[in-house]
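Q: sequence and predicted structure are below.
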Amino acid sequence: MNIHFIAIGGAAMHNLAIAVSQKQGYQVTGSDDEIFDPARTHLEQHGLLPAQMGWHPERITRELDAIILGMHAREDNPELLRARELGLKIYSFPEYLYEQTRDKTRIVVGGSHGKTTTTAMILHVLRLINIEADYMVGAQIEGFDNMVRLTDTAKVAVFEGDEYLTSALDHRSKFHLYKPDIAILTGIEWDHINVFPTFEQYVGTFRRFVELIEPNGTFVYYDGDETLKTIAEAARADIRLLPYNTPKYTISDGVWEVGGHRLKIFGQHNLQNMTAARLALTRIGVTDEQFFEAISSFHGADNRLEFVAENKDRCAVAYKDFAHAPSKLRATINAVREQYPKKRLIACMELHTFSSLDARFLPQYKDTMAKADVAFVYFNPKVIEHKKLTPLSAEDVRLAFGTDNVRVFTDSHELQAALSLLSYDNSALLMMSSGTFDGIDIKRFEQQLIS
């Protein structure tokens, strides 16, 4: 099989390209107009980095068995136009994942938050109890070389299910293509306002996801979410419903325990994610004893409440997180607050995504940082201009967050200076972004701050 990836540099795309190239008898090529690290290094290590950047329609020939089209390729992409002209088979990456796993038991994890962590938990347990699985997960996780794996031998496939659009040719949500046997929804909180202008439209894509569960499948859902409860009540009669909530837990010397099992993770949202993973795995025969023995060694997925540093002399700790949406921000701050009730919590977040920088969406952030002692919010006005959104002022953002502890910055150097002036004695530092605060090496910076 000769397969060509258009827009190979995407996070999911380059990992899928690596996974496909490792299958016997498959030859992989790819193209993109620009590729950044870590994708660039990963592709180079596997001999898949395009020799030249840009689009080269002359490379699209009838010798190709299939094209895999990335989300960032536009409809007028020269290579895509050539592929359509030749009548080549064109897949989006979720469509290709489904085609490669259609005869397997598919576990798909969706929701506005917690997808990556829940998927990582499932994979961690399967690895430790020696159940082979194909997978796609949105972050690097301990014990796994790649974010995508496809085999001819695994009988189970585990996918992180994203509700964002599939490709320039297919405007369905990605997770609509996976048709799960076991579906998980962790919660629904409005996001991706550029695709779903209203909350009702956003809910609709999750409702459709549940409708696409395979016959006699299973729906695992967080029943603390009223919207999810409504969706569950309307589910087909053949679908088995498995609701969950926060399990009972204790905290002793900073260690969280559930049912006598000591955990490496903390935070109520992570306990909810863990319960979702456990219920899903019971449907493929994993016992609770097996699950808890394995999950007790789970540290978390990359960039999800990730421990960065500790200074015991100053009683200071530092964490970083991917949190940027309101529900993620609130859950992460609350988790650190509960873990370190006697420390001063210094929380710093970046508004970086399309939704977070949209004036219509900003009110969703009200009170999300209320439990922090010091709350810094950063955004770059040039990013707003680049995204062609209505300009925001620092005061607009401060008022939207709605609490007196919030201070807003629009200059990355001023933010760093303000953080550097704080005392970190007996403090927990938490920096959260899906970006980099305009070029900050977040881990290194946090280490410097508390050292």
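A: Looks like it arrived, so ask away.
Q: residues near D425, how many?
A: The tally of other residues near D425 (other C-beta atoms under 10 Å) stands at 13. Where C-beta positions appear, they are placed from N, C-alpha and C, glycine not excepted.
Q: now it: how far from R344?
A: D425 is 8 Å from R344, where distance means C-beta to C-beta, to the nearest Å.
Q: quick check: buried residues in stretch 287-302?
A: Neighbour counts over stretch 287-302 (16 or more other C-beta atoms under 10 Å) mark 290-292, 294-295, 298-302 as buried.
Q: mind checking which of those are in strands?
A: Using DSSP state E, the subset of the buried residues of stretch 287-302 located in strands is empty.
Q: in helices only, show me those.
A: Within those, membership in helices is found for 290-292, 294-295, as judged by DSSP state H.
Q: nearest to E306 among those residues?
A: The shortest approach to E306 among these belongs to I295, at 17.6 Å (C-beta to C-beta).
Q: quick one: contacts for that closest one?
A: By C-beta atoms under 8 Å, 6 or more residues apart in numbering, I295 lies in contact with 121, 124-125, 261, 263, 274, 277-278.
Q: any idea which element the closest residue to P391 other than its chain neighbours lies in?
A: Excluding the flanking residues, the one nearest P391 by C-beta to C-beta, 6 or more residues apart in numbering is I384, at 6.1 Å. Element membership for I384 (DSSP states H and E) is helix 381-386.
Q: mind listing what's buried along that helix?
A: Buried positions in helix 381-386, judged by neighbour count with 16+ other C-beta under 10 Å: 383-384.
Q: list the buried residues of the helix or strand immediately after that helix in the chain.
A: Sequence order places helix 394-401 as the next helix or strand after helix 381-386, per DSSP H and E. Neighbour counts over helix 394-401 (16+ other C-beta under 10 Å) mark 397-398, 400-401 as buried.
Q: just give the nearest non-adjacent residue to N311, would you?
A: The shortest distance from N311 to any non-neighbouring residue, by C-beta to C-beta, 6+ apart, is to I450 (4.7 Å).
Q: wait, the one you found sits on A318?
A: Yes. The pair I450 and A318 passes the contact test of C-beta atoms under 8 Å, sitting 5.3 Å apart.
Q: contacts only, for N270.
A: Shown in contact with N270 (C-beta under 8 Å, 6+ apart): 117, 300, 305, 335.
Q: got it, and D223?
A: By C-beta under 8 Å, 6+ apart, D223 lies in contact with 229, 232, 243-245.
Q: which non-adjacent residue is nearest it?
A: P243 (3.7 Å).
Q: quick check: bridge partners of that neighbour?
A: Assessed by DSSP bridges, P243 has beta-bridge partners Y221.
Q: my guess is it contacts A232. True?
A: Yes. Judged on C-beta under 8 Å, P243 makes contact with A232 at a distance of 6.9 Å.
Q: more neighbours, the two?
A: Higher neighbour count among P243 and A232: A232, with 19 against 15, using other C-beta under 10 Å.
Q: can you pull the buried residues of the helix or strand where that one lies?
A: Per DSSP H and E, A232 falls inside helix 226-233. Neighbour-count burial for helix 226-233, counted by 16+ other C-beta under 10 Å, picks out 227-228, 231-232.
Q: same question, stretch 429-444
A: For stretch 429-444, burial by neighbour count (16+ other C-beta under 10 Å) applies to 429-435, 437-438, 440, 442.
Q: ok, residues contacting that stretch?
A: With C-beta under 8 Å, 6+ apart as the test, stretch 429-444 has contacts from 308-309, 316-324, 328-329, 332-333, 336, 345-350, 352-353, 372, 378, 380, 412, 415-416, 445-446, 449-450.
Q: now the end-to-end length of it.
A: One end of stretch 429-444 to the other measures 13 Å (C-alpha to C-alpha, to the nearest Å).
Q: next one: stretch 6-13
A: Span of stretch 6-13 from end to end, C-alpha to C-alpha: 9 Å.
Q: buried ones in it?
A: Quick answer for stretch 6-13 (16+ other C-beta under 10 Å): 6-10, 12-13.
Q: just the ones in strands from those, please.
A: Applying DSSP E to those, the entries found in strands are I6.
Q: nearest to R40 among the buried residues of stretch 6-13?
A: Of those, the one sitting nearest to R40 (C-beta to C-beta) turns out to be G9, at 7.2 Å.
Q: check the spacing between the closest one and G30 real quick.
A: 8 Å.
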